[in-house]
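> okay, predicted coordinates and the sequence, questions at the end:
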Amino acid sequence: IQVNGGGGLLFRLGSRVNLDVGATYGYNRLAEGALTRKSSGSSVPVESSSGTNIVARLGLAIGIGG
């Protein structure tokens, strides 16, 4: 199972320039299982595991065109 969520804010700095600030949080859980190698047909066990991540962003959004 994998779940992610996040959000952000856009701040106007000028008529065509915005400051973009945001973050996301993710969670991932891998169940126990086995992988089979195509070349040899042997099976490799995979242990269950889980993890999380946080991604933060800061940038400029520049408008171009009409």
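Yes, it's here.
> what residue ranges in the protein are flagged as low confidence?
Across the chain, the ranges flagged by pLDDT under 70 are 66.
> nearest residue to the middle of the chain?
Gly26 (6.5 Å; CA atoms, centre = their mean).
> hey, what's that one bridged with?
Per DSSP bridges, the residues bridged to Gly26 are Asn4, Asn53.
> pull up the gap between it and Gln2, please.
7 Å (CB to CB, to the nearest Å). Every residue, glycine included, has its C-beta placed from N, CA and C.
> one more: Gly8?
Using CB to CB, we find Gly8 at a distance of 20 Å from Gln2.
> who has more neighbours, the two?
Gly8 (13 against 8; other CB atoms under 10 Å).
> check contacts around the more buried one.
20-23, 57 (CB atoms under 8 Å, 6 or more residues apart in numbering).
> pick out the most distant pair among those residues.
Asp20 and Ala23 (11.4 Å; CB to CB).
> identify the contacts common to the two.
8, 57.
> just the buried residues of the helix or strand hosting Gly59, please?
Taking DSSP states H and E as the definition, one finds Gly59 inside strand 49-62. In terms of neighbour count (16 or more other CB atoms under 10 Å), strand 49-62 has no buried residues at all.
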